[in-house]
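Peer 1: this one's structure only:
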Ligand code: GAP
């Protein structure tokens with residue numbers, strides 16, 4: 001893990017947030033290369049969910065959430081972790097981290113009984129600050145998909161089965177954020193809510209387990225680094241009938257990368273216990289409860305029903321950590337030399353190609369390198385980088401370390417005979433190619 005953290009900082013993938021003031025715990029900033037990698041991972045997910053299928057729509061809902069939304073979803077009551085306080089040093093711990101009843105900070109055994117600590121962040125909303133006027137920062141993106149279900153369905157005329165996909169920030173006041181970008185207080189999720197008929201849910205859970213495993217493998221994760229964990233009933237979230245976690249061998253151990261839950265009709269059902277249209281408005285209905293109908297019509301049976309939902313929910317930050325960890329390789333080059341290579345799949349590489357003029361002050365070389373860079377950049381495959389440092393060896397090392405699939409070196413021969421040197425990241429093979437062939441060779445390198 002230390003090597004990865006160091007690479008991330010040195011090369012501009014991930015930085016501690018608020019570092020100049022000592023850092024904000026559980027919060028990180030993505031640097032120039034990190035933002036590219038993260039966007040590439042999100043784009044790959046979005047493409048596989050929304051563009052490559054014909055049964056899923058996208059959504060980008062708000063982060064600020066009405067109190068009622070997380071009241072009737074069950075989060076106000078149940079979205080908590082057990083917290084113990086150390087009476088000696090005043091530190092606080094998640095109960096499951098405490099071993100042998102000893103404080104992890106000072107070793108004291110003078111600990112309080114565990115109490116439920118709600119993980120939701122609140123923020124004052126509006127000009128009056130009081131106990132009532134606050135909004136929640138969503139702790140999962142999913143709830144807004146449920147509350148937007150009717151709007152999406154009405155505006156797209158979708159029939160069951162269909163899904164709604166969303167990528168966005170979620171916030172949890174984790175008691176002990178840890179392991180770099182693994183457990184954060186501010187993070188991103190890629191969530192799909194896939195609505196099915198009751199009865200079709202179990203087969204759909206198996207289907208999405210297979211789809212999601214395949215997708216992670218397409219991101220460069222070795223199948224042997226992944227495992228499915230069938231969450232025991234006693235550990236299931238309040239909304240789940242069954243959950244299959246995709247576990248990944250992170251540097252700190254085997255842990256959850258993505259959860260695939262059978263949420264049944266719990267969520268749509270809890271937001272619509274009092275469905276006006278179904279004649280189901282209870283006499284005990286509270287003023288803040290919704291009466292919106294979040295149901296679909298069974299045309300043949302001429303009745304309404306609340307669909308079941310299968311939810312593959314993946315963490316973007318955990319995904320970034322997993323693909324970085326999987327790609328990070330230290331290669332022996334002989335004679336005591338080694339190189340660090342990030343063997344990222346090319347669709348994830350933050351930089352797709354580096355164009356390197358042999359000498360940084362030679363106008364003609366730099367001019368030609370700029371032309372090549374612009375030509376490749378205009379192909380719209382991602383960031384192409386002009387590496388005008390004048391040190392080829394260092395440039396190759398830097399681009400190996402950040403996972404750039406190819407480097408293109410422009411030298412004096414390029415000016416005379418229209419050729420450049422194309423260097424492959426993985427094999428380190430260098431070959432002389434015609435500039436006129438570069439666009440095609442560049443596309444080939446991204447396959
Ligand atoms: N909507 C379902 C849901 O939120 P979850 O298992 O709590 O389920 C889903 O979260 C995914 O979100 C996890 O598999 C993980 O990848 C990511 N995640 C959850 N809490 C996180 C945290 N504190 N920091 C980073 N990622 C987190």
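Peer 2: Looks like it came in fine. Quantities reported herein were computed from a predicted structural model and do not represent experimental measurements.

Peer 1: per-residue confidence for residue 286?
Peer 2: pLDDT, residue 286: 68.

Peer 1: okay, now the residue of the chain found nearest the ligand: neighbour count?
Peer 2: Proximity of the chain to the ligand (C-beta to the nearest ligand atom) peaks at residue 315, 2.3 Å away. Placement of C-beta: from N, CA and C, glycine included. By other C-beta atoms under 10 Å, 23 other residues sit near residue 315.

Peer 1: check contacts around it.
Peer 2: Residue 315 makes contact with 187, 188, 189, 190, 257, 258 under the criterion C-beta atoms under 8 Å, 6 or more residues apart in numbering.

Peer 1: what helix or strand does the fifth one sit in?
Peer 2: Right, the one you point to is residue 257. strand 253-264 (DSSP states H and E).

Peer 1: Now residue 255. Nearest residue, chain neighbours left out?
Peer 2: Once flanking residues are discounted, residue 255 sits nearest to residue 247: 6.4 Å by C-beta to C-beta, 6 or more residues apart in numbering.

Peer 1: any idea of the mean pLDDT in stretch 70-89?
Peer 2: Stretch 70-89 shows a mean pLDDT of 91.

Peer 1: That one and the ligand, are they touching?
Peer 2: No - figure legend: stretch 70-89 not in contact with the ligand (C-beta under 6 Å from any ligand atom); closest approach 9.0 Å.

Peer 1: contact partners of stretch 416-432?
Peer 2: The contact list for stretch 416-432 (C-beta under 8 Å, 6+ apart) reads 341, 343, 372, 396, 399-400, 403-411, 413-414, 433-436, 438, 441, 445.

Peer 1: hey, where'd the helices end up in the stretch 1-150 of the chain?
Peer 2: Counting by DSSP state H, counting those that start in this stretch, the stretch 1-150 of the chain has these helices, from start to end: 2-11, 32-46, 67-72, 75-78, 142-147, 149-156.

Peer 1: Burial-wise, tell me which of those helices comes out on top.
Peer 2: helix 142-147 (a mean of 23; mean count of other C-beta atoms under 10 Å).

Peer 1: where does residue 376 land in three-state SS?
Peer 2: Assigned with DSSP: H, G, I helix; E, B strand; the rest coil, residue 376 falls in the helix class.

Peer 1: Turn the contacts of residue 315 into TSV, columns for pLDDT and neighbour count.
Peer 2: Shown next, in TSV, are the contacts of residue 315 (pLDDT from 0 to 100; neighbours: other C-beta atoms under 10 Å):
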residue	pLDDT	neighbour count
187	98	21
188	98	22
189	98	22
190	98	22
257	98	24
258	98	25
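
Peer 1: out of these, which touch the ligand?
Peer 2: Among those, the ligand is touched by 187, 189, 257, 258 when using C-beta under 6 Å from any ligand atom.

Peer 1: hang on, the second one in a helix?
Peer 2: So that's residue 189. No - secondary structure of residue 189 (three-state DSSP): strand, not part of a helix.

Peer 1: just checking, what packs against the helix or strand where residue 440 lies?
Peer 2: Taking DSSP H and E as the criterion, residue 440 maps to helix 438-445. Packing partners of helix 438-445 (3 or more C-beta pairs under 8 Å, 6 or more residues apart in numbering; DSSP states H and E): strand 351-357, helix 363-377, strand 406-410, strand 419-424.
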